[in-house]
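Asker: Structure for this input, please:
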Amino acid sequence: MDIDLDKLKPAKPDKVYDIEVFGTKGQVCDYGMAIKLEFEYEGKKHAIGLSRGLDNDLAQTGTKVMETVISRLLGKGAQPRLYNWYISGDDKMAHGNVKGNPKIMDTTFIHTSTVMGVETDFENEEALITTSHSVYHAPLKHCDIDTQAQFPDMLPGFEKIKEKYSEGRIAEPSAFAQTERSIVFPTIEKGKVLLVLSDFDEYYFHSLCVIGENGKPLEYSAYAHIGTFQDSFLIQADLPRNEKSIIDLRYFPHYRNIEFYTSVTDGMPLYAENIGESTLYIRARKMMFSLKGGERKELCKQNACEDIDTLPDGDLYPAQFFDDSQQ
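Answerer: Down below sits the predicted model:
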């Protein structure tokens, strides 16, 4: 039977629990095979996957998660930001990964409306990009230098930006890279594995760095596996030592935290670096790690922190449910 997707209506949950946090109302919707916390805060809708705990008190679980989310949002106000960005002279638009736009999901790669003006603030190390509808804060260190070099007149002070922020950049080592980009790809010395995460990249994954025998970063593959109940993210690289030598990292992405279920590094120490702004939590090798923005840590016992059992452990991008009974 052919289904007209345009006529599908959202499916009704089996149970709905109304909750309220800091004057903001929300709902925990139990669809049986999946649970979603839904609420709107400062004009932006949030949908967070929850898991069914042992006590099965979904209202309490939803309230705790909602408190955590709103606590981080309180007092910050709306400040749309762009990462891995550039301003094109062809279409007079800014392009990059967005965060903080109330109408667009964080990590989405966007093309803004027409750029009306650009101010380079070297003191705060950001460009203020004013478009027809918004003002975007674009960190200078996350500018796509090579692409922006094609349109230097679109960004005031570009030569100074290029000189200051080009050092240490490398070509993207991903096997799936579509174009040569000059954005921040942190590196690490030979004999170690570095996983780079951020809150402005999908599934929190930014890049992987493993230095090969030739002194250059190894090529890797990284992709999401979309599951029925829970998505996962997989990063793999072949080491030149022998055919059995591999890097194999796999984790479940949750709201502001990731949970490893495989972390094979061929005996090399595993490091994680957070180049985003929000604190990320990592569960790996039966330990918990807290990683603030700008921090790099080896995932070892000495750097572990106390476990936090109230962290959301549902799907990062909850599934959408539709009722096709009327078809």
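Asker: Could you give the number of residues near Val196?
Answerer: 23 (other CB atoms under 10 Å). C-beta: built from backbone N, CA, C; applies to glycine.
Asker: And the one 10 residues further on, by the same measure?
Answerer: Taking other CB under 10 Å as the criterion, the count of residues near His206 is 24.
Asker: For it, which three-state class applies?
Answerer: Secondary structure assignment for His206 (DSSP: H, G, I helix; E, B strand; the rest coil): strand.
Asker: I figured it was touching Leu197, is that so?
Answerer: Yes: with contact defined as CB atoms under 8 Å, His206 counts as touching Leu197 (6.0 Å).
Asker: which neighbours do these two share?
Answerer: Common neighbours of His206 and Leu197, counting by CB atoms under 8 Å, 6 or more residues apart in numbering, are Ile275.
Asker: Please name the spatially closest residue to Glu202 (chain neighbours excluded).
Answerer: Thr107 (4.7 Å; CB to CB, 6 or more residues apart in numbering).
Asker: how about that neighbour, what does it touch?
Answerer: So Thr107 contacts Asn97, Val98, Lys99, Asp199, Phe200, Asp201, Glu202 (CB under 8 Å, 6+ apart).
Asker: Can you tell me which of these lies closest to Ala149?
Answerer: Among those, Asn97 lies closest to Ala149 (CB to CB), at 19.5 Å.
Asker: Which of the three states applies to that closest one?
Answerer: Classified using three-state DSSP, Asn97 is strand.
Asker: Any idea what it is bridged to?
Answerer: Using DSSP bridges, the beta-bridge partners of Asn97 come out as Tyr83, Phe109.
Asker: Is it in contact with Tyr83, as I believe?
Answerer: Yes: contact criterion CB under 8 Å: Asn97 and Tyr83 qualify, at 4.5 Å.
Asker: if I look at the two, which residues touch both of them?
Answerer: Residues within reach of Asn97 and of Tyr83 at once, by CB under 8 Å, 6+ apart, are Phe200, Asp201.
Asker: more crowded one of those two?
Answerer: Tyr83 (26 against 20).
Asker: you'd agree the more buried one is up against His206?
Answerer: No: look at Tyr83 against His206 with CB under 8 Å: they stay out of range, at 9.5 Å.
Asker: what mean pLDDT would you report for the helix or strand containing His137?
Answerer: Using DSSP states H and E, His137 sits within strand 135-139. Here strand 135-139 scores 91 as its mean pLDDT.
Asker: Stretch 260-267 now?
Answerer: On average, stretch 260-267 scores 95.
Asker: do the same with stretch 238-248
Answerer: Mean predicted lDDT for stretch 238-248 stands at 76.
Asker: ends of it, how far apart?
Answerer: 9 Å (CA to CA, to the nearest Å).
Asker: what comes up buried for stretch 13-24?
Answerer: Pro13, Tyr17, Ile19, Val21, Thr24 (16 or more other CB atoms under 10 Å).
Asker: tell me how far the ends of that stretch are from each other?
Answerer: One end of stretch 13-24 sits 21 Å from the other (CA to CA).
Asker: swap in stretch 102-120?
Answerer: End-to-end for stretch 102-120, by CA to CA: 24 Å.
Asker: Sort out which residues of that stretch are buried, please.
Answerer: Within stretch 102-120, the residues scored as buried using 16+ other CB under 10 Å are Asp106, Thr107, Ile110, Thr112, Val115, Val118, Thr120.
Asker: Show me which of these is closest to Glu219.
Answerer: Thr107 (23.3 Å).
Asker: in a helix, that's where that closest one is, yeah?
Answerer: No: applying three-state DSSP, one finds Thr107 to be coil, outside a helix.
Asker: separation between it and Gly294?
Answerer: Here the criterion is CB to CB, to the nearest Å. By it, Thr107 lies 19 Å from Gly294.
Asker: if we can go back for a sec, just the buried residues of stretch 13-24 now: which is nearest Tyr281?
Answerer: Val21 (20.5 Å).
Asker: Not counting its neighbours along the chain, what's nearest that closest one?
Answerer: Met66 (4.5 Å).
Asker: just checking, that neighbour touches Gln27?
Answerer: No: with contact defined as CB under 8 Å, Met66 does not count as touching Gln27 (10.1 Å).
Asker: okay, and the common contacts of these two?
Answerer: Residues touching both Met66 and Gln27 (CB under 8 Å, 6+ apart): Ile19, Leu37, Phe39.
Asker: quick one on the thing from earlier: before we move on, which element is the residue nearest to Val21 in?
Answerer: With DSSP H and E as the criterion, Met66 is inside helix 58-73.
Asker: Mind exporting the C-alpha coordinates of that helix to PDB?
Answerer: In PDB, the C-alpha atoms belonging to helix 58-73 read as follows (Å, rounded to 0.1, in the frame of the first residue of the first chain):
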ATOM      1  CA  LEU A  58       8.400   8.500  33.900                       C
ATOM      2  CA  ALA A  59       7.000  11.700  35.300                       C
ATOM      3  CA  GLN A  60       9.800  11.900  37.800                       C
ATOM      4  CA  THR A  61      12.400  11.000  35.200                       C
ATOM      5  CA  GLY A  62      11.100  13.600  32.800                       C
ATOM      6  CA  THR A  63      11.100  16.300  35.500                       C
ATOM      7  CA  LYS A  64      14.700  15.600  36.400                       C
ATOM      8  CA  VAL A  65      15.800  15.800  32.800                       C
ATOM      9  CA  MET A  66      13.800  18.900  32.100                       C
ATOM     10  CA  GLU A  67      15.300  20.600  35.200                       C
ATOM     11  CA  THR A  68      18.800  19.800  33.900                       C
ATOM     12  CA  VAL A  69      18.100  21.200  30.400                       C
ATOM     13  CA  ILE A  70      16.300  24.400  31.600                       C
ATOM     14  CA  SER A  71      19.000  25.100  34.300                       C
ATOM     15  CA  ARG A  72      21.600  25.300  31.500                       C
ATOM     16  CA  LEU A  73      19.400  27.600  29.400                       C
END
